[in-house]
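# Sequence first, then the predicted structure:
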Amino acid sequence: MRYPSLRDAELAGRRVFLRADLNVPLKNGRVADDTRIRGVVPTIRLLLDRGASVVVASHLGRPGGTRNPELSLAPVADRLEELLEMKVTFAPDCIGARVNTLRASMKPGDVLILENLRFHPEEKEGDEGFARQLAGNADIYVNDAFGTSHRAHASMVGVPGMLGGGYAGLLVQRELEIFDEMLSNPARPFTLVLGGAKVSDKIPVIDNLLPRLDHLLIGGGMAFTFMKEMGLEVGTSLLELDRLGAARKIMDDAGEMGVEVLLPADIVVAPSTDRCDQASTVPADSMPHQETGLDIGPGTVAAFGEVISGSSTVVWNGPMGVFEIPPFDSGTRGLASVMAEATEHGTFTVVGGGDSVRAVTEAGLEKRISFVSTGGGASLKLLQGEELPALAALKGART
Ligand code: AMP
């Protein structure tokens, strides 16, 4: 999928509306992790170097459509000012007379950052009038918010609609290049690792990728639906009974296409998540019927690791267990390590998806993975072969 590139845009003297993803964690009124702010700096620099003025817009947290001072972007503006080493003006709202005055006085090289878009319910509703006000006096729209690009929100779809399309920022372009290459021309063997809670969420990804895969590794809660379909005891584990047929079809299709499907060989079980003192590891074919499977065991990590290290391309989405609660994070952490080791030996590794990214980051391994996507839902949609609505809205931009 090709979108208008910022490198081709005529920017001198133009006013740019830049939709960024500055949804960073805050602590005591300060930015606790500035990774996302750093991420958008190269795009802002490019725009400024080429003579544009830049209005930066973002959401932060879930204010639910009302003003919440705790979710103000003011601390983000302060940090952006430090990173850009220049004055950044902070607007007290994202629309309205005051903001319009600030926007009208901007000169090339100026940066204005708007207050949290989600203080207004119209942002998530994709409201047209709100989008028109956001577009304001801008000439050009740039999207550098990959993680929100699967959402048809006003700032994502409405504003480029008003401005006749737009451009992908440097961050979004990098995401698209990686997924494009991986989906159209993956170095083989190509392995997909899936986990997480629900089979239903991941079926479209499997359907889209299966013909290109060599191995499919399934862990997490979704594995139990497959195990059940194979006639195994799964105790009180997560189960989607209405997806047993889908699981069977995936295994049959994989067999016909010569794709090896690996399910957990051993499982960490406990009576429940709050009884971790009673956790034990059992072979996958002898799960006690009163217990819940909450993680993959070390044998599974080793078996998955062997396939991963023998692959040229690996994409991973979804945790291997209830990784929020130790010790049920061991499988996910083990998989993150295996991915990092394989990367060092030349495997191209991609981690897409909020929870798996969190697990990799918490383990301090994100720098040892080839590419860590900034968008969970958005990367899943790309893996499903779908076009993201906010990216479709960029088409038609004139240079
Ligand atoms: P998803 O959004 O589908 O990727 O699911 C992520 C969630 O799956 C996380 O919150 C995990 O706690 C949960 N999860 C992973 N493995 C299991 C499991 N064996 N049982 C219950 N929940 C699980």
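Perfect, I can see it now.

# near the ligand, which residues of this structure?
With the criterion set to CB under 6 Å from any ligand atom, the chain comes near the ligand through 195-198, 201, 220-221, 238, 293-294, 318-319, 321-322, 324, 355. (Glycine included, C-beta is placed from N, CA and C.)

# Can you check the pLDDT for Arg398?
At Arg398, the model reports a pLDDT of 52.

# what's the answer for Gly352, then?
Per-residue pLDDT puts Gly352 at 88.

# Same check on Ile203?
Note for Ile203: predicted pLDDT of 93.

# show me what contacts it?
If a contact means CB atoms under 8 Å, 6 or more residues apart in numbering, then Ile203 has 243, 246, 250 as its contacts.

# swap in Ala390?
Counted by CB under 8 Å, 6+ apart, Ala390 has contacts 143, 145, 148-153, 156-157, 160.

# Farthest pair within those residues?
His150 and Pro160 (14.9 Å; CB to CB).

# who's more crowded, the two?
Higher neighbour count among His150 and Pro160: Pro160, with 28 against 21, using other CB atoms under 10 Å.

# what's near enough to touch the more buried one?
141, 143, 166, 390, 393-394, 397.

# Name the member of those with the most neighbours.
Neighbour counts for the contacts of Pro160 peak at Asn143, which has 32 neighbours (criterion: other CB under 10 Å).

# Check the secondary structure at Pro42 for me.
Assigned by DSSP: H, G, I helix; E, B strand; the rest coil, the conformation of Pro42 is helix.

# can you count the residues close to the closest residue to it other than its chain neighbours?
Nearest non-adjacent residue to Pro42, counting by CB to CB, 6 or more residues apart in numbering: Leu170, 5.2 Å away. Neighbour count of Leu170, defined by other CB under 10 Å: 21.

# about what we covered before: mark which of the contacts of Ala390 are part of helices, please.
Here DSSP state H is the test, and the contacts of Ala390 give Pro160 as lying in helices.

# Now, the contacts of Ala390 that are in strands?
Asn143 (DSSP state E).

# Buried by neighbour count, from the contacts of Ala390: which ones?
143, 145, 148-153, 156-157, 160 (16 or more other CB atoms under 10 Å).

# what residues are up against the residue lying closest to Arg62 once chain neighbours are set aside?
Of all residues beyond its chain neighbours, the one nearest Arg62 is Arg118 (7.1 Å), with distances taken as CB to CB, 6+ apart. Each residue near Arg118 by CB under 8 Å, 6+ apart is listed here: 59-65, 71, 124.

# circling back to that earlier point, make a ChimeraX selection of the buried ones in the residues of the chain next to the ligand.
Only the buried entries of the residues of the chain next to the ligand go into this ChimeraX selection, using 16+ other CB under 10 Å:
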select :195,196,197,201,220,221,238,293,294,318,319,321,322,355
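
# ok, the residues of the chain next to the ligand vs Met106, which is closest?
Asp355 (39.4 Å).

# shouldn't the closest one be in contact with Pro319?
Yes. Counting by CB atoms under 8 Å, Pro319 is a contact partner of Asp355 at 4.8 Å.

# Next, show the common contact partners of those two.
Gly196.

# for the residue of the stretch 201-350 of the chain found nearest the ligand, helix, strand, or coil?
The nearest approach of the stretch 201-350 of the chain to the ligand comes at Gly221, 3.3 Å away (CB to the nearest ligand atom). Following three-state DSSP, we place Gly221 in the coil state.

# dump the residue contacts of the closest residue in space to it that isn't next to it in sequence.
Distances taken as CB to CB, 6+ apart place Leu238 nearest to Gly221, at 3.7 Å, with adjacent residues excluded. Neighbouring residues of Leu238 by CB under 8 Å, 6+ apart: 197, 221-222, 224, 292-293.

# which of those residues lies closest to Val259?
Checking the contacts of Leu238 against Val259 with CB to CB, the nearest one is Met222 at 16.7 Å.

# isn't that closest one right next to Ile206, touching?
No. Here Met222 does not reach Ile206: they are 10.1 Å apart, not a contact under CB under 8 Å.

# quick one: the strands in the stretch 1-150 of the chain?
Using DSSP state E, counting those that start in this stretch, the strands of the stretch 1-150 of the chain run over residues 15-20, 26-27, 30-31, 53-57, 89-90, 111-113, 140-144.

# strands paired with the first one, and their directions?
Looking back up the chat, that one is strand 15-20. strand 53-57 (parallel), strand 140-144 (parallel) (DSSP bridges).

# Thr347: what's it in contact with?
Residues near Thr347 by CB under 8 Å, 6+ apart: 308-309, 311-314, 370.

# what does Glu123 give?
Counting by CB under 8 Å, 6+ apart, Glu123 touches 59, 65, 117, 130, 153-155.

# let's see it at 10 Å
57, 59, 63, 65, 94-95, 116-117, 130-131, 134, 151, 153-156, 158 (CB atoms under 10 Å, 6 or more residues apart in numbering).

# So for Met222 and Ile206, which residues contact both of them?
Residues touching both Met222 and Ile206 (CB under 10 Å, 6+ apart) are 194, 199, 247.

# Just put those in a markdown table and tack on secondary structure, neighbour count and pLDDT.
Listed next are the shared contacts of Met222 and Ile206 as a markdown table, based on DSSP: H, G, I helix; E, B strand; the rest coil; neighbours: other CB atoms under 10 Å; pLDDT from 0 to 100:
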| residue | secondary structure | neighbour count | pLDDT |
| --- | --- | --- | --- |
| Leu194 | strand | 25 | 97 |
| Val199 | helix | 26 | 91 |
| Ala247 | helix | 25 | 97 |
